[in-house]
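> pasting the sequence and the predicted model now:
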Amino acid sequence: MEYEAVIGMEVHVEINSKSKVFCPCATNFNAPPNTNVCPICLGMPGALPVLNRDMADKSIAVGLALNCTVSRWSKMDRKNYFYPDLAKNYQISQYDLPLCYGGHLDIEVDGETRVIGITRAHMEEDTARNVHTLAGGQSGVDFNRCGLPLLEIVTEPDIRSAKEAHAYLTALKQILQYLDVSDCNMEEGSLRAEANISLRPKGQNAFGVKTEIKNVASFSGTQKAIEFEIARQEKVLRGGGVIVQETRGWDADRGVTFSQRKKESAHDYRYFPEPDLTPIVVDEAWEARVREAMPELPAARRKRFEEQYGLSPYDAHVLTLSRATADYYEAVVAAKADPKKAANWVMVELQALLSNDKIGVHQCKIRPDALASLLQMIDSGAISGKIAKEVIAEMYATGLAPAAIVEKKGLAQISDESEIAAVVRQVLEAGPEQVAQFKAGKDKVFGFFVGRIMKATRGKANPQLVNDILRKELEK
């Protein structure tokens, strides 16, 4: 029997608002434990929550970016359970009436487009953080995280492989970062992905029993965890066993999932409407205000880069991977650089320098107009492409303008024909054997001479003039 994987993803995103979702406490991740707290997020009797408007705005923006319908009327609910990281013994979340619902996200996998349905995107508060690394083997609870603005994005069970799950998470993260609603730092818990996985005989419509994988620290880890869990479930089913609905953790060191606890159902949480918060009424004017403030999203920008700048799909994809890089590229083009040449220099030469230092383009000392000036100097013949690579490295290190670097280091391209001709004759006179080989039909020797000439001029000779003059001299 052949089995098919059925996967749904739940992604928790910490919204980067300055204050918590229901109180004015700060959201600084690096603050000392239990310093960003107040009676509201500590669950003190009589403390009343108030919804953070910025949280609602950013959640609506995410919903719109995921092609969701924004509810005209939604509410907050209490999700009841007991755990040390939950001071109130309930979490304020949304249950039957989420803020956004019924969307989709298109992903590309192996050259094909897959449409992943978005069931809902709902607001809730984060829990506190349990710490088990204190001195003497003790544990503690840091309530700084309790009450942070959290948006949970839930997909339909439309994902069919670990590779598709990875593609979905990558596309979702890109949208979130374009919207600037979260830094999506998985190490700090700003983005947490959980996968619900089941197997069924291929061709069967009914779903199998699912397991949920939690606490995976990276997208690549999520992909590996899903791959392992699919293989584990298939082994159990082929052996005549049954799958137990449970929550499983991921042990990255051993590369295995492990059982954590029996999975609860919705009725176990005894949801009921939150009595201390008014309903959330999003009228058309509110939705329109959020939509108008949204930036151009990755898919639309990729398509526009292809059409407006004549870029290949690959180049457009690379340049729009991050909003900062796409903005930088467009600023270079706006400064009158050739779009295709600008794309190559941003993707290759500049990116190599950034990658070496592990920084983003927003931290780069080279201003977009300075890079455009460098490309214009190549086009005008002021410097060669080879020299330009030396210049951009100096620009990156110092932030100086390209013209200043060229003048300071004497890197201007030699375009004087008589000066180049003199160097060509010197090189030919120093290599009579190679001249004889060329005249005997060994054309590859031509490149040998070009290399010698460029070395003699420290790479400053105009390449086209070198080729033209060299060929004339050899044909005499």
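Arrived safely, thanks for sending. All values reported here derive from a predicted model rather than from experimental measurement.
> what separates whichever helix or strand residue 122 is part of from the chain centre, distance-wise?
Element membership for residue 122, per DSSP states H and E: strand 112-125. On the basis of CA atoms, centre = their mean, to the nearest Å, strand 112-125 is displaced by 17 Å from the centre of the chain it belongs to.
> average pLDDT across that strand?
This predicted structure assigns strand 112-125 an average pLDDT of 97.
> in its sheet, which strands sit next to it, and in what direction?
Take DSSP bridges as the rule and strand 112-125 pairs in its sheet with strand 100-109 (antiparallel), strand 149-155 (antiparallel).
> listing partners with orientation, what would you give for the next helix or strand after it?
Counting by DSSP H and E, the element after strand 112-125 in chain order, helix or strand, is strand 129-131. Counting by DSSP bridges, the strands paired with strand 129-131 are strand 140-142 (antiparallel).
> after the strand or helix carrying residue 193, next one along is what?
When elements are assigned from DSSP H and E, residue 193 belongs to strand 191-201. Per DSSP H and E, the first helix or strand lying C-terminal to strand 191-201 is strand 211-214.
> what's the offset of that next one from the middle of its chain?
On the basis of CA atoms, centre = their mean, strand 211-214 sits 24 Å off its chain's mean C-alpha point.
> for the record, mean pLDDT for it?
Averaged across strand 211-214, the pLDDT comes to 94.
> please enumerate residues in contact with it?
Contacting residues not belonging to strand 211-214 are listed as 10, 194-198, 222, 225-226, 229, 233, 243-250, 257, 260, 263 [CB atoms under 8 Å, 6 or more residues apart in numbering]. All C-beta spots, glycine's among them, are computed from the backbone N, C-alpha and C.
> tilt between the helix or strand following that strand and strand 191-201?
Reading on from strand 211-214 to the C-terminus, the next helix or strand found by DSSP H and E is helix 219-238. If you take axes from the mean of the first three to the mean of the last three CA atoms, to 10 degrees, helix 219-238 sits at 20 degrees to strand 191-201.
> return the list of helices and strands in contact with helix 219-238.
When contacts are defined as 3 or more CB pairs under 8 Å, 6 or more residues apart in numbering; DSSP states H and E, helix 219-238 packs onto strand 3-14, helix 162-179, strand 191-201, strand 211-214, strand 246-251, strand 256-262.
> which of the residues in the longest one are buried?
With burial defined by 16 or more other CB atoms under 10 Å, the residues of helix 162-179 counted as buried are 162, 164-169, 171-179.
> kindly report the same for stretch 153-164.
Of the residues in stretch 153-164, those buried by neighbour count under the rule 16+ other CB under 10 Å are 153, 154, 155, 156, 157, 158, 159, 161, 162, 164.
> show me what contacts the closest residue to the fourth one other than its chain neighbours?
Among residues not flanking residue 156 along the chain, residue 117 sits closest, at 3.3 Å (CB to CB, 6 or more residues apart in numbering). Taking CB under 8 Å, 6+ apart, we find residue 117 in contact with 103, 104, 155, 156, 158.
> repeat the analysis, applying 10 Å as the threshold.
Residue 117 sits next to 8, 66-67, 102-105, 154-159 when contact means CB atoms under 10 Å, 6 or more residues apart in numbering.
> so the nearest residue to residue 37 once chain neighbours are set aside versus residue 249, what's the distance?
Take residue 37 and drop its neighbours on the chain: the residue closest to it by CB to CB, 6+ apart is residue 143, 4.9 Å away. Residue 143 sits at a distance of 24 Å from residue 249 (criterion: CB to CB, to the nearest Å).
> now residue 380
With the distance defined as CB to CB, residue 380 ends up 61 Å from residue 249.
> and the two? Which one has more around it.
residue 249 (15 against 9; other CB atoms under 10 Å).
> give me the pLDDT for that one.
Residue-level confidence at residue 249 comes out at 93, pLDDT.
> ok, the one 3 residues further on next?
The predicted structure scores residue 252 at 91 on the pLDDT scale.
> hang on, isn't it packed against residue 221?
Yes: applying CB atoms under 10 Å, one finds residue 252 in contact with residue 221, separated by 5.7 Å.
> so for these two, which residue has more residues nearby?
Neighbours around residue 252 and residue 221, counted as other CB under 10 Å, are more numerous at residue 221. The numbers are 17 against 14.
> give the contact list for the more buried one.
Residues in contact with residue 221, defined by CB under 10 Å, 6+ apart, are 186, 193, 213, 215, 250, 252, 255.
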